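Student: next comes the sequence, and after it the predicted model I'd like to discuss.
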Amino acid sequence: MEDGLFLVLEGVEGAGKTTQVRLLEEWLKGLGLDVTAAREPGGTALGEAVRAVLLDRSELEVPPESELLLVLAARAAFVKDVVLPARARGDVVVADRFSLSTFAYQAYGRGIELETVRRLDAFARAGLEPDLTLLLDLPPEEGVRRQRTAGKGCDRIEQAGKAFHARVATGYRALAASGDHRICVIDAVGTTDAVHGLVRAALREAFPGTFRILTG
Ligand code: T5A
């Protein structure tokens, strides 16, 4: 692939993003494509440092505005140092979260005006847009149940409470319903294999030229 592709997996806590990024990466590599997979915040040394502050330090009081700017500081490095070089090499970049998380968590969840978040985000990502965002749609309480079953501890944002996470879920649905054709909603309630099948089908439909040739 000459121009690369930038794909993003999104959704509430425990929706299955990390699992689906892994399955997608395996599938794409099996098709002979070069893949760069990374998470946000993260993917760079700066991003992982920001992640440690934002998530692991549950005792920290972080004002919403600071949280937003920290997430976007990590995004600027992620775009510059990971996504743009990988796309220039022709890789498929698969990101575990990107701008939609910031709209859902910092605007809908924390209450910062959406237009302000959009404007600052556009600056941080230097105008780069994902080619497709796959939104894994799962009720937030089911995501929490999956995380509990997995024995995963609660980070600072996960501790923000039921009402916060309900606003985040509402935000994701509102953003998906806003008519942006680059967001594709995937029903994430089924088994991991079933959800992966839906992800593949969405990619075949969105990029018929690429995936019809590769998968027959
Ligand atoms: N954040 C991030 C912001 O506030 N603003 C931003 O701009 C950005 C980029 C990141 C945090 O940062 C915040 C949002 C987040 O709070 P994270 O760890 O990347 O944190 O995100 P989480 O959603 O917390 O990640 P998780 O790993 O907990 O959830 P995933 O990745 O959605 O789910 P996954 O794949 O790890 O699966 C969870 C469990 O469910 C099982 C898995 O095996 C695992 O045990 N599972 C399934 N079980 C049944 N059926 C399925 N279909 C399943 N799929 C997975």
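Tutor: On my side now, so go ahead.

Student: so A188 makes contact with A15?
Tutor: Yes - using Cβ atoms under 8 Å, A188 makes contact with A15 at a distance of 5.2 Å. All C-beta spots, glycine's among them, are computed from the backbone N, C-alpha and C.

Student: contacting residues around the spatially most central residue of the chain?
Tutor: Among the residues of the chain, the one closest to the centroid is R97, at 1.6 Å (Cα atoms, centre = their mean). With contacts defined as Cβ atoms under 8 Å, 6 or more residues apart in numbering, R97 is in contact with 8-10, 17, 39-41.

Student: tell me where the protein has helices.
Tutor: Secondary structure of the chain (DSSP state H): helices located at 17-30, 45-51, 64-78, 84-89, 99-102, 114-124, 140-149, 162-176, 192-206, 208-215.

Student: average pLDDT for the second one, rounded please.
Tutor: Mean pLDDT, helix 45-51: 96.

Student: hmm, who's touching it?
Tutor: Helix 45-51 is contacted from outside by 40-42, 70-71, 73-74, 77-78, using Cβ under 8 Å, 6+ apart.

Student: any figure for the gap between A150 and the ligand?
Tutor: Per Cβ to the nearest ligand atom, to the nearest Å, A150 is found 3 Å from the ligand.

Student: write out the residues of this structure neighbouring the ligand.
Tutor: By the rule Cβ under 6 Å from any ligand atom, the part of the chain lying against the ligand is 11, 13-19, 39-41, 55, 71, 96-97, 101-102, 105-106, 146-147, 150, 152, 157-158, 191-192, 195.

Student: select only the buried ones of those residues in ChimeraX?
Tutor: This is the ChimeraX syntax for the buried subset of these, where burial follows 16 or more other Cβ atoms under 10 Å:
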select :11,13,14,15,16,17,19,39,40,41,71,96,97,101,102,105,106,146,147,157,158,195
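
Student: output the below-cut-off pLDDT ranges for this structure.
Tutor: For the chain, the stretches with pLDDT under 70 are 1-2, 212-216.

Student: that older thread, find the residues that touch each one of A188 and A15.
Tutor: In contact with both A188 and A15: 136-138, using Cβ under 8 Å, 6+ apart.

Student: from the residues you listed, pick the one nearest the ligand.
Tutor: L136 (6.8 Å; Cβ to the nearest ligand atom).

Student: tell me the contacts of that closest one?
Tutor: By Cβ under 8 Å, 6+ apart, the residues touching L136 are 9-11, 15-17, 20, 186, 188, 195.

Student: if we go to 10 Å?
Tutor: Contacts for L136 (Cβ atoms under 10 Å, 6 or more residues apart in numbering) come out as 9-12, 14-17, 19-20, 143, 172, 185-189, 195, 198-199.

Student: how many other residues sit next to the spatially closest residue to L54 that is not a sequence neighbour?
Tutor: Nearest residue to L54 in three dimensions, chain neighbours excluded: L70, at 5.8 Å (Cβ to Cβ, 6 or more residues apart in numbering). As a burial measure, L70 scores 17 neighbours (other Cβ atoms under 10 Å).

Student: run a quick neighbour tally on L60.
Tutor: For L60, the count of nearby residues is 11 (other Cβ under 10 Å).
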